[in-house]
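Q: I need the structure of the sequence given here:
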Amino acid sequence: MSELRQNPATKKWVIIAKERAKRPHEYLSKKKNLLNEKQPYSEKCPFCPGNEDKLPEEGIILEKKKNGKQWSVRVVPNKFPALTAYGNVERNEIENLFLSMEGVGCHEVIIETPIHNTTIGLFPKEDVEDTISAYRERYLSFSKDKRFKIVIIFKNHGEGAGTSLDHPHSQLIATPIVPQYTRHRIHEAVDYYDDWGKCVYCSIIEAEKKLKERIVLETEHFIAFVPFAAALPFEITVIPKRHAATFGEINDKEITDLAGILHNVLGKLYRKLNNPDYNYVIHTAPFNDKGEDYYHWHIEIFPRLTKVAGFEMGSGIYINTSIPKECASFLRE
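A: Predicted coordinates:
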């Protein structure tokens, strides 16, 4: 019999379709999608070394070098930005009903490696650490700009996840508004904190550690698990054990630990599921909520193994055709 499950942090419901559920190994991609079949360099790729003339005119914003020679991570402007840095953030009112603003913000690309045919799960761990350090540096830089309220850091891996370039990269968008999606999460977290006097995400960590069955990997500073109310097969949450509301509060030891856990977990997805398309996003409170007790930054990884259809779009309730604890067990093996 199917089961409705609720995420205690967001209050969203999902359907765990047990009667329709596949065994974890059945999600293995049928088509060969391994990166060693591609070349480590592409002359058409703007992110490959030597192709800097294909980058936007603004050029390289941040660069980390390996052994003082070859770069390991670069941050560049997005050539086709969703938001741009120029303009004002005043809101315009139309007919006392509609609101609009100029498209002010910032949209950057984090080029995670000079190698074209690889992915985070296959990087040397220190290169993953450089990527996360670049995330933090750019996050903290934007937090000083009074026009911006929040930074969203995300990664699209594979065509099915929305990427248009194969070369490993993440993206960052700073916005002058707090998205309603984030506001909803904060609202639910505040309600839980007001009721129970503690952070709902800290409570989730305690519960997952006690149950153990959905944990994929646990380290000194982080825990990775398939959520109780996972919306998608092999969905994974990575969350710091130390409470912090904003991503910018991550320290150097946690960066090193997070690099290891991302390298491990994404490597498992690559090897066990034949390099599936996926997205991940860093959920963080707005800049002004730094240090608050009710919210807890975290990363969500969403493999694109199934399609979202009409019921999901019409109801917001996802139908998950996998069993979360079985997915976690499969990845732990």
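
Q: right, and the helix or strand after the lengthiest helix in the chain?
A: The longest helix of the chain (DSSP state H) is helix 252-273. Next helix or strand after helix 252-273 toward the C-terminus (DSSP states H and E): strand 278-283.

Q: Could you identify the helix or strand that succeeds that following strand?
A: strand 298-303.

Q: count of residues packed around Q180?
A: Using other C-beta atoms under 10 Å, Q180 has 9 neighbouring residues. For glycine as for every other residue, the C-beta is placed from the backbone atoms N, C-alpha and C.

Q: Tell me how far it lies from L99.
A: 13 Å (C-beta to C-beta, to the nearest Å).

Q: now do N51
A: Taken as C-beta to C-beta, the span from N51 to L99 is 41 Å.

Q: Looking at these two, which one has more neighbours?
A: More crowded of N51 and L99, by other C-beta under 10 Å: N51, with 15 against 9.

Q: just checking, that one touches C45?
A: Yes. The pair N51 / C45 is scored as a contact, 6.2 Å apart, by C-beta atoms under 8 Å.

Q: Where does pLDDT dip in the stretch 51-200 of the chain?
A: Along the stretch 51-200 of the chain, segments meeting pLDDT under 70 span 68.

Q: hey, where'd the strands end up in it?
A: Taking DSSP state E, counting those that start in this stretch as the test, the strands found in the stretch 51-200 of the chain are 62-65, 71-77, 92-94, 98-100, 106-111, 150-157, 169-175.

Q: closest one to T284 among these?
A: Nearest to T284 among these is strand 150-157 (7.0 Å), distances taken as C-beta to C-beta.

Q: Just the angle for the closest one relative to strand 298-303, thanks.
A: 30 degrees (axes from the mean of the first three to the mean of the last three C-alpha atoms, to 10 degrees).

Q: I'd like to know which elements strand 150-157 is packed against.
A: helix 125-143, strand 169-175, strand 278-283 (3 or more C-beta pairs under 8 Å, 6 or more residues apart in numbering; DSSP states H and E).

Q: coming back round to it: quick one, which of the strands of the stretch 51-200 of the chain gets closest to G316.
A: Across the strands of the stretch 51-200 of the chain, G316 has its closest neighbour in strand 150-157 (20.1 Å, C-beta to C-beta).

Q: Any chance you could give me the closest one in CSV, C-alpha atoms only?
A: C-alpha atoms of strand 150-157 as CSV (Å, rounded to 0.1, in the frame of the first residue of the first chain):
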residue,chain,number,x,y,z
ILE,A,150,20.5,36.3,-0.6
VAL,A,151,22.8,34.2,-2.8
ILE,A,152,21.6,30.9,-4.4
ILE,A,153,24.4,28.5,-5.3
PHE,A,154,23.4,25.5,-7.5
LYS,A,155,24.7,22.9,-9.9
ASN,A,156,23.1,21.4,-13.0
HIS,A,157,24.8,18.2,-14.1
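
Q: And the contacts of that strand?
A: Strand 150-157 is contacted by residues 119-120, 135, 138-139, 142-143, 162-163, 168-175, 178-179, 182, 247, 277-282, 284-287 when judged by C-beta atoms under 8 Å, 6 or more residues apart in numbering.

Q: Likewise for stretch 20-29?
A: Outside stretch 20-29, the residues that touch it by C-beta under 8 Å, 6+ apart are 2, 233-234, 272-276, 303, 305, 319, 321-323, 326-327, 329-330.

Q: If you count neighbours, what's buried in it?
A: 21, 24, 27 (16 or more other C-beta atoms under 10 Å).

Q: Could you check how far the last one is from E19?
A: It stands for Y27. Separation of Y27 from E19 (C-beta to C-beta): 17 Å.

Q: Output stretch 23-41 as CSV, nothing but the C-alphas.
A: Taking C-alpha atoms only, stretch 23-41 is exported to CSV below (Å, rounded to 0.1, in the frame of the first residue of the first chain):
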residue,chain,number,x,y,z
ARG,A,23,14.4,-1.9,-6.8
PRO,A,24,17.4,0.6,-6.4
HIS,A,25,19.5,-1.1,-9.2
GLU,A,26,16.6,-0.6,-11.6
TYR,A,27,17.4,3.1,-11.7
LEU,A,28,20.7,2.4,-13.4
SER,A,29,20.8,4.4,-16.6
LYS,A,30,20.3,2.1,-19.6
LYS,A,31,22.4,4.3,-21.9
LYS,A,32,26.2,4.5,-21.4
ASN,A,33,26.9,7.9,-19.9
LEU,A,34,30.4,7.6,-18.5
LEU,A,35,32.7,10.5,-18.8
ASN,A,36,35.8,8.6,-19.8
GLU,A,37,34.3,8.2,-23.2
LYS,A,38,34.7,12.0,-23.8
GLN,A,39,37.8,14.0,-24.3
PRO,A,40,39.5,15.9,-21.5
TYR,A,41,39.7,19.0,-23.7
